[in-house]
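**Q** Just need the structure, nothing else, for what follows:
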Amino acid sequence: METPSRAEPRMSTLITAGIVAAALFYFGIITDNFILRLITKPLPILPMMALVYHHARDHYGRFIFSGLFFCMIGDVLLMFADFFLFGMAAFFIGHACFVAAFVRVSRHWHPLRALPFAVWIGYLMYVTWDRLGDLQWAVPVYAATIGIMMWRASAQLADQASRATPSAWLALIGAICFAFSDSLIALNRWHAPIPAASYLIMTTYWIALIFITASTRPAWRARTATGDAGM
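**A** Take a look at the predicted model:
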């Protein structure tokens, strides 16, 4: 039996590190400590990136890894009001990476799968449009990318039908949770204040990334039509 490499991270250690970092971030919100929030906000993503790096080095894993990286960059940039657009751009690239990963699994269109997500994004734009100001060009583009991410995650299930893998379900749940988190940001910022918005936004965001990260686990994935299950 092959002995695991010492460099391979232990699951329990990574989970503990992520939980501690998230708890410190929430403490930073409670105490209104900007420096603590700035330091700890991107840290929960690092264990996820480590897991993907060590266990999913195919194209799907590389795209998910890149998406996590750009989300981490976006987390830092969004801490500064003057860098909001740059933070949005980083998350846009992150979403594009997730879309690319999902397309590796399913390249069929399945246009009807896009309908519920188009309605979701359309309604969100409708209720926030008047308050977007100078971002009326950027937010719709970003929102459309979120909708596309959910659509392509859903397309995996359509391709796999009754034999849907756990990976496909995890990817879809993660994409929906991510969209829900971003919807809370939009509604809280451009529609009406949401009680405990910071906690809800970050919790659903991290849950989304956990599910997307879990979708890279080799045991939960099937070989894609392009033969890209491994390298």
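**Q** Give the helix, strand or coil label for L170.
**A** Put simply, L170 is helix when judged by DSSP: H, G, I helix; E, B strand; the rest coil.
**Q** Let me see the contact set for the closest residue to it other than its chain neighbours.
**A** Sequence neighbours aside, S215 is the residue nearest to L170 in space, at 4.0 Å (criterion: C-beta to C-beta, 6 or more residues apart in numbering). Every residue, glycine included, has its C-beta placed from N, CA and C. Taking C-beta atoms under 8 Å, 6 or more residues apart in numbering, we find S215 in contact with I64, S167, A168, L170, A171, G174, R221.
**Q** how close does S215 get to T204?
**A** Separation of S215 from T204 (C-beta to C-beta, to the nearest Å) stands at 17 Å.
**Q** And the pLDDT at C177?
**A** Per-residue confidence for C177 comes out at a pLDDT of 98.
**Q** Actually, F27.
**A** 98.
**Q** so what's it closest to, chain neighbours aside?
**A** In space, F27 is closest to L36, 6.9 Å off (C-beta to C-beta, 6+ apart).
**Q** What strand or helix carries the one you found?
**A** helix 34-40 (DSSP states H and E).
**Q** Give me the contacts around that helix.
**A** A21, A22, L24, F25, F27, G28, I29, V76, M79.
**Q** Which element, helix or strand, includes D159?
**A** helix 138-160.
**Q** Could you name the helices and strands sitting against that helix?
**A** In terms of contacts (3 or more C-beta pairs under 8 Å, 6 or more residues apart in numbering; DSSP states H and E), helix 138-160 is packed against helix 84-105, helix 115-128, helix 166-190.
**Q** please redo it, this time with the cut-off set to 10 Å
**A** Counting contacts by 3 or more C-beta pairs under 10 Å, 6 or more residues apart in numbering; DSSP states H and E, helix 138-160 packs against helix 84-105, helix 115-128, helix 166-190, helix 197-214.
**Q** Of all those, which one is nearest A155?
**A** Between A155 and the helices and strands packed on helix 138-160, the shortest gap by C-beta to C-beta is with helix 84-105, which sits at 7.0 Å.
**Q** quick check: mean pLDDT across that closest one?
**A** pLDDT averaged over helix 84-105 gives 97.
**Q** And it, how far out from the chain middle?
**A** Its chain's C-alpha centre and that of helix 84-105 lie 8 Å apart, by C-alpha atoms, centre = their mean, to the nearest Å.
**Q** gap between the two ends of stretch 53-66?
**A** 10 Å (C-alpha to C-alpha, to the nearest Å).
**Q** A168 reaches A155, doesn't it?
**A** Yes: in terms of C-beta atoms under 10 Å, A168 counts as a neighbour of A155; the distance is 9.2 Å.
**Q** shared neighbours of those two, anything?
**A** Common contacts of A168 and A155 (C-beta atoms under 10 Å, 6 or more residues apart in numbering): F102, V105, S106.
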